[in-house]
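**Q** Sequence plus the predicted model coming up.
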Amino acid sequence: GTFNTSNNYCTLCAAGKKCPRRSQNQQSCNSGYYAPSGSTVCTQCPAGHACSDPSQAPVPCATGSWAGIAEGSCSVCPAGSKCPDATKQPIACHYGEYSPGDTTYCERCPAGHHCPTPATKNACTSPDYSLGGLSLACLSCP
């Protein structure tokens, strides 16, 4: 992609811009799109990447985050879910599992704790106990 300047010289289209026709000026790409210099089109940012700066190449999402197609930024995986694949939406943890968020996995609710929701892990207070797993509440010792 090039464009025609006022002095009738063709100029290479700048990074982050598209030049679909030589007779038109450069057009800026939106967030979620990118364009290397010389581009005739703005390209959608691929899933699992962020394109906040259209003049830069797509940036892969960090572990524990995700992004759909044409996203300007990656989203942190929320508590109570896991993000094993940065190209897909978060997956809710199962009953008896827990996730603090920003992770690729859910963990089993540990012994000595109760997990009333997949986003909540609470320690039992003495003398109460829990075997973990599907414990919604701590139990009193018999």
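**A** Arrived safely.
**Q** Okay, and the beta partners of the residue nearest the centre of the chain?
**A** Centroid-nearest residue in the chain: Trp66, 2.4 Å away (criterion: CA atoms, centre = their mean). Beta-bridge partners recorded for Trp66 (DSSP bridges): Ser75.
**Q** Do a quick rundown of the helices in this protein.
**A** Along the chain, no stretch is classed among the helices by DSSP state H.
**Q** what about this protein, any weak spots by pLDDT?
**A** By pLDDT under 70, the low-scoring segments of the chain are 1-7, 23.
**Q** Is Tyr95 in contact with Leu134, as I believe?
**A** Yes: in this structure Tyr95 lies within contact range of Leu134 using CB atoms under 8 Å: 6.5 Å. Any C-beta I mention is one placed from the backbone N, CA and C, and that applies to glycine too.
**Q** follow-up on the earlier one: spit out the contact partners of the residue nearest to the centre of the chain.
**A** By CB atoms under 8 Å, 6 or more residues apart in numbering, the residues touching Trp66 are Gly48, Cys74, Ser75, Cys77, Cys83, Asp85, Ala86, Thr87, Lys88, Gln89, Pro90.
**Q** With neighbour count and distance to Cys106 as added columns, please give those residues in a markdown table.
**A** Shown next, in a markdown table, are the contacts of Trp66 (neighbours: other CB atoms under 10 Å; distance: CB to CB, whole Å):
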| residue | neighbour count | distance to Cys106 |
| --- | --- | --- |
| Gly48 | 19 | 20 |
| Cys74 | 21 | 20 |
| Ser75 | 16 | 18 |
| Cys77 | 25 | 10 |
| Cys83 | 27 | 11 |
| Asp85 | 14 | 14 |
| Ala86 | 21 | 17 |
| Thr87 | 14 | 19 |
| Lys88 | 13 | 15 |
| Gln89 | 13 | 15 |
| Pro90 | 21 | 11 |
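**Q** Fine, thanks again, bye for now.
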